[in-house]
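Asks: After the sequence you'll find the predicted model.
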Amino acid sequence: NAGVTQTPKFQVLKTGQSMTLQCAQDMNHEYMSWYRQDPGMGLRLIHYSVGAGITDQGEVPNGYNVSRSTTEDFPLRLLSAAPSQTSVYFCASSLKSRWGSSNYGYTFGSGTRLTVV
Amino acid sequence: KQEVTQIPAALSVPEGENLVLNCSFTDSAIYNLQWFRQDPGKGLTSLLLIQSSQREQTSGRLNASLDKSSGRSTLYIAASQPGDSATYLCAVRGTSYDKVIFGPGTSLSVIP
């Protein structure tokens, strides 16, 4: 049982390059999200999805795109990398909360450390 | 808009002390609150999950309480050990669009 898998673990990009951070989960979780973590800023929500075909913006969506074509995968695309996007990126997933049912906790991937030069 | 704060930002205690970490949130319409631990350079490990209908949860030396009406949660660590040194984060899952928002964390150092 792999849980939440993020690839790559480390990446160096040049300014203006594009790339995709991969996130996959094998727990049949409906809810998936991307965060970035910066010193002194904590974890900030970039984008999230409550199911295949449904995505929405979080606190800091600019410069990032997402899509959710399957339940398992939720890739994060950097369109034109900038030094301000240097950060550690975490993907997380859970079952979707519903009224009247158990509330579900979050499972995190191990993170991708991205440096933009 | 949900905002989550944590006090203190940093804490240094001698081994064996009992300690309390605080988490506050502005919107009481939540599904649950979750406490995580993060070691330097590592990912997040879930410690405790408190549902909105619960008052507290316990796991070993950890006890987390939730007062939804006042927008507060506390994480109590009994008999602290050097291995407890890490950053502790609380995360609140809101009923509005199911978003999960994190606090900035408390950096804990337990001195042998």
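Replies: Thanks, I have it.

Asks: quick one, what contacts B:Val4?
Replies: B:Cys23, B:Ser24, B:Phe25, B:Thr26, B:Cys90, B:Ala91, B:Val92, B:Ile101, B:Phe102, B:Gly103, B:Pro104 (Cβ atoms under 8 Å, 6 or more residues apart in numbering or on different chains). Glycine gets a C-beta too; all of them are placed from N, C-alpha and C.

Asks: any idea which of the residues you listed is closest to A:Val12?
Replies: A:Val12 lies nearest to B:Phe102 out of the contacts of B:Val4, by Cβ to Cβ, at 26.4 Å.

Asks: Pull the contacting residues for the closest residue to that closest one other than its chain neighbours.
Replies: Of all residues beyond its chain neighbours, the one nearest B:Phe102 is A:Leu43 (4.1 Å), with distances taken as Cβ to Cβ, 6 or more residues apart in numbering or on different chains. Counting by Cβ under 8 Å, 6+ apart, A:Leu43 touches A:Tyr35, A:Arg36, A:Gln37, A:Phe90, B:Leu89, B:Ala91, B:Phe102.

Asks: Tell me the pLDDT of the last one.
Replies: Yep, that's B:Phe102 we're talking about. Note on B:Phe102: pLDDT of 92.

Asks: For it, name its beta-bridge partners.
Replies: Beta bridges link B:Phe102 to B:Ala91, judged by DSSP bridges.

Asks: got it, and the second one?
Replies: In this structure, A:Arg36 has the following beta-bridge partners (DSSP bridges): A:Arg44, A:Tyr89.

Asks: ok so, going back, JSON lines please, covering the contacts of A:Leu43 and showing distance to A:Thr7.
Replies: Rendered in JSON lines, the data for the contacts of A:Leu43 read as follows (distance: Cβ to Cβ, whole Å):
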{"residue": "A:Tyr35", "distance to A:Thr7": "16"}
{"residue": "A:Arg36", "distance to A:Thr7": "17"}
{"residue": "A:Gln37", "distance to A:Thr7": "18"}
{"residue": "A:Phe90", "distance to A:Thr7": "13"}
{"residue": "B:Leu89", "distance to A:Thr7": "24"}
{"residue": "B:Ala91", "distance to A:Thr7": "24"}
{"residue": "B:Phe102", "distance to A:Thr7": "23"}
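
Asks: Just name the closest of these to B:Leu66, please.
Replies: Nearest to B:Leu66 among the contacts of A:Leu43, with distances taken as Cβ to Cβ, is B:Ala91, at 12.6 Å.

Asks: right, and the closest one touches B:Ile101 too?
Replies: Yes. Here B:Ala91 lies in contact with B:Ile101, judged by Cβ atoms under 8 Å, at a distance of 6.8 Å.

Asks: how close does the residue nearest to B:Phe102 get to B:Gln57?
Replies: To B:Gln57, A:Leu43 is 21 Å away according to Cβ to Cβ, to the nearest Å.

Asks: Looking at the contacts of A:Leu43, which is nearest B:Ile50?
Replies: Nearest member of the contacts of A:Leu43 to B:Ile50, counting by Cβ to Cβ, is B:Ala91, at 11.0 Å.
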